[in-house]
Structure formats: structure tokens, C-alpha cells
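>>> Model the following, please.
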Amino acid sequence: MPDILVNGNVISEAAIIAEVQNHPADEPDRAISEATEALIVRELLLQEAHDLALEPMPETDESGRRETDDDALIRQLLEVEISVPVADEDACRRYFEKNRNRFRSAELYEAAHILFACDPKDTDGYEKTVVAATEVIATIEKTPAAFASIARERSDCSSGKSDGRLGQVARGDTVPEFETFLAALEDGQLCSVPVKSRYGVHVLRLDKKIPGRDLPFDAVKDRIAGYLQERSWRQAVSDYIERLASYATIEGAASDGEPAAEGTAAPHPV
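Residues are numbered from 1 along each chain as shown. This next block holds a predicted model:
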């Protein structure tokens, strides 16, 4: 792995190897490529900050962590050089109308379950737990009112104290396997098969499905404005880095295993 020169400044092999840990990838070559690109972009920004004679003024976050001088310089450079307009109401409304499906309240489920806790890695124990849950389902199918008492007596979830009721849950509140079955059930329906999850085996009942509803524009316009401004800012930063790279001399940067020619801009991760 050769050293990289950015306008004569060296990015060493050691620096690239250290940066790789911040770029997890399925293939080592990809991680190295992304790390190299990130360091080239960082070097271009720092060189520009020094050319503009910026002095680092590090900030401290809410956790008391202080910026490094280099991070402060990059932030300050972008604050000076990048300016994007605030998204007006017309732009926000256009985005809202084109993306109505993104602005709905979450579908909610009122559900109850009985958990038989078991580690899926315990193959024999897990299969016995599935059999036990299947027997409970058969009992409840014959006597639906038995769900509450079985939950109180046998459930390994704290919800057992409330007859197994989980209250209202939305997607993301429970494990994916659980949600798949919830979405397929009708109001008042007991799942006819045990639901397997990382926590064990569940006997599941859907009491009520509450459909999501369209949210009004006024409820989401601030969120849209923030998103549009962030998107514009990211594009402006990307364009700015491309401009810096266009007149830089970058030697040794590789693309698909081939070294880049002088003056060739490396791709950037912004």
C-alpha cells in the first residue's frame, strides 16, 4: 500500500491502516479504499482551512467531549464556506405532496402474549418449549377465557401480571418475528402456531389493530424543512469537496487497484 500525497502532504500507510477501523466493509480492499478517500477529503479540507488562516476554536458537546483542533478547523471551514437557503413553505409543501406515504402515524397493535422463555441454542429444550406452547394454544382455542389465567400462572414475561396484555405496540417495539405475525392477524384472533423468537416461544393474540393515519402538513413541516436543509447542505459540501479536489494534486490514490493520475480527484464519502 503506497503512501498518498495530497498537494505534497503525505498520508502514510500507517494512517490509512488506522483509519480502516472506521470503515467496516465485507471486503478488506473496500475498507482500505473508503479509509483512503476519507483521509484525502480530510487533508483537502484541512489544507484549505490553513490557507484561509483559520484558527481552531474547539467546542465541547453535552457530554464534555472536546473537539480536536483538526475537527474544529473542518467545522469552521464549512461554516464559513457553505451556505444553504432555508427551505420555504412552498418547497416543504411540494415535498409533502410528493411523499404523502412517508407522513403517516404508525400502525398500532393492542396485543397479548404468553412467553415461554428458552434459549434457541438449546435445541432440545427449545423443541420441548414449542410443544408446550402448542398445547397451550389448543387449550385456549377451546376455552378463550383461559388465556388470562395461563398468562398469570405460566408466562415468563412481566406482562403475565396483566393477563399477558402488552398494551399498544408499534413496529420496532417488538422483535421482527413477533411483528410479522401481528401484522397477519385479525382483531381478536389467536395465532394458531407458536411464535418463535430469540427470547423463547410465544403464544400470541391480537386484540385490536389501529391503522395509521395521514398526518397534516402543519404537523410535519418543520421536520421536512430540517430534512431539506440538511440535504441541501450535504450536497453543497459534496460540491465544495469536488471543487477542492479538482485543482489538487493527488498522487498514489488507488481506484480498483490502479493508482490515480496526478490531479485526479478521489471519490469522497460525504
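>>> For the chain, which residue occupies the most central location?
G172 (12.2 Å; CA atoms, centre = their mean).
>>> Is that one in a helix, a strand, or coil?
coil (DSSP: H, G, I helix; E, B strand; the rest coil).
>>> Let's see the pLDDT reported for it.
At G172, the pLDDT value in this model is 84.
>>> same deal with H268?
37.
>>> Mind jotting down where the helices sit in the stretch 51-200 of the chain?
69-81, 89-98, 123-142, 146-154, 176-184 (DSSP state H, counting those that start in this stretch).
>>> Need phi/psi at the nearest residue to D187 once chain neighbours are set aside.
Counting by CB to CB, 6 or more residues apart in numbering, D187 lies nearest to K208, which is 5.2 Å off, once chain neighbours are set aside. Quick note: C-beta positions are derived from backbone N, CA and C, even for glycine. Dihedral angles of K208 (phi, psi; degrees, to the nearest 10) stand at phi -160, psi 140.
>>> Name the residues linked to K208 by a beta bridge.
Beta-bridge partners for K208, by DSSP bridges, are E110.
>>> what residues are up against it?
Y109, E110, D187, G188 (CB atoms under 8 Å, 6 or more residues apart in numbering).
>>> And the pLDDT at N101?
86.
>>> The one 5 residues further on too?
As summarised for this prediction, A106 has a pLDDT of 85.
>>> how about the residue nearest to it when sequence neighbours are not counted, what does it touch?
Computed as CB to CB, 6+ apart, the closest residue to A106 that is not its neighbour in sequence is A170, at 4.1 Å. Neighbour list for A170: A106, E107, L108, Y109 [criterion: CB under 8 Å, 6+ apart].
>>> Can you tell me which of those is nearest V220?
A106 (13.6 Å; CB to CB).
>>> does that closest one really touch G212, like I thought?
Yes: the criterion here is CB atoms under 8 Å, and A106 meets it with G212 at 5.6 Å.
>>> count of neighbours near S33?
S33: 22 surrounding residues under other CB atoms under 10 Å.
>>> What pLDDT is listed against it?
At S33, pLDDT is 91.
>>> name the helices or strands packed onto the host helix or strand of it?
S33 is located in helix 28-51, with elements delineated by DSSP states H and E. Where contact means 3 or more CB pairs under 8 Å, 6 or more residues apart in numbering; DSSP states H and E, helix 28-51 is packed against strand 4-6, strand 9-11, helix 13-20, helix 69-81, helix 217-246, strand 254-255.
>>> Report the angle between that helix and helix 217-246.
80 degrees (axes from the mean of the first three to the mean of the last three CA atoms, to 10 degrees).
>>> With just CA atoms, put helix 28-51 into PDB.
Only the C-alpha atoms of helix 28-51 are listed here, as PDB (Å, rounded to 0.1, in the frame of the first residue of the first chain):
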ATOM      1  CA  PRO A  28     -10.700  -5.500   3.000                       C
ATOM      2  CA  ASP A  29     -10.000  -3.700  -0.300                       C
ATOM      3  CA  ARG A  30     -13.200  -1.800   0.000                       C
ATOM      4  CA  ALA A  31     -12.400  -0.800   3.600                       C
ATOM      5  CA  ILE A  32      -9.000   0.400   2.600                       C
ATOM      6  CA  SER A  33     -10.400   2.400  -0.300                       C
ATOM      7  CA  GLU A  34     -13.000   4.100   1.900                       C
ATOM      8  CA  ALA A  35     -10.400   4.900   4.500                       C
ATOM      9  CA  THR A  36      -8.100   6.400   1.900                       C
ATOM     10  CA  GLU A  37     -10.800   8.500   0.400                       C
ATOM     11  CA  ALA A  38     -11.800   9.800   3.800                       C
ATOM     12  CA  LEU A  39      -8.300  10.800   4.700                       C
ATOM     13  CA  ILE A  40      -7.800  12.500   1.300                       C
ATOM     14  CA  VAL A  41     -11.000  14.600   1.900                       C
ATOM     15  CA  ARG A  42      -9.900  15.400   5.400                       C
ATOM     16  CA  GLU A  43      -6.500  16.500   4.200                       C
ATOM     17  CA  LEU A  44      -8.000  18.700   1.400                       C
ATOM     18  CA  LEU A  45     -10.300  20.400   4.000                       C
ATOM     19  CA  LEU A  46      -7.500  21.000   6.500                       C
ATOM     20  CA  GLN A  47      -5.300  22.500   3.800                       C
ATOM     21  CA  GLU A  48      -8.000  24.900   2.800                       C
ATOM     22  CA  ALA A  49      -8.600  25.900   6.400                       C
ATOM     23  CA  HIS A  50      -4.900  26.600   6.800                       C
ATOM     24  CA  ASP A  51      -4.900  28.600   3.500                       C
END
